[in-house]
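Student: the sequence and its predicted three-dimensional model are supplied below.
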Amino acid sequence: MNREEVFHEMVAIIKEYVRDPELLKHVTNHTNIINDLRVNSARLVDIIIKSEDVFHIEINDDDADRIKTLGDAVDVVLSLKRAA
């Protein structure tokens, strides 16, 4: 998968946890998942777990702590996919 494909798949995953779908209309790599999309930290954990299932990866605690923006999530997924 390339960066764009992972980005779009991450948006699809996050969509399930965003209360206001309007917030997803203009997301970028710099969109903060908690602050900009108003996803609470418990839901961020759910997003990480769902990402593990969708991308067939295991995200350790250090990598999970790095995920603040949509771009961070894409970077983590891509690095773990390359390492697999």
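Tutor: Nice, thanks for sending it over.

Student: element containing the residue nearest the centre of the chain, please.
Tutor: Against the mean C-alpha coordinate of the chain, by Cα atoms, centre = their mean, the closest residue is A73 at 4.2 Å. For A73, the host element (DSSP states H and E) is helix 70-83.

Student: which other helices and strands contact that helix?
Tutor: helix 3-15, helix 41-55, helix 61-66 (3 or more Cβ pairs under 8 Å, 6 or more residues apart in numbering; DSSP states H and E). No exception for glycine: its C-beta is placed from N, CA and C like everyone else's.

Student: quick one: closest of these to N35.
Tutor: Checking those against N35 by Cβ to Cβ gives helix 41-55 as the closest, at 11.3 Å.

Student: so the closest one versus helix 70-83, what angle?
Tutor: Put simply, helix 41-55 runs at 40 degrees to helix 70-83, going by axes from the mean of the first three to the mean of the last three Cα atoms, to 10 degrees.

Student: quick check: buried residues in helix 41-55?
Tutor: Neighbour-count burial for helix 41-55 flags 43-44, 47-48, 50-51, 55 (criterion: 16 or more other Cβ atoms under 10 Å).

Student: hang on, the earlier thing: any chance of the helices and strands packed on helix 70-83 in a markdown table, plus mean pLDDT and distance to S79?
Tutor: Formatted as a markdown table, the helices and strands packed on helix 70-83 follow (pLDDT from 0 to 100; distance: least, Cβ to Cβ, whole Å):
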| stretch | mean pLDDT | distance to S79 |
| --- | --- | --- |
| helix 3-15 | 98 | 11 |
| helix 41-55 | 97 | 11 |
| helix 61-66 | 97 | 8 |
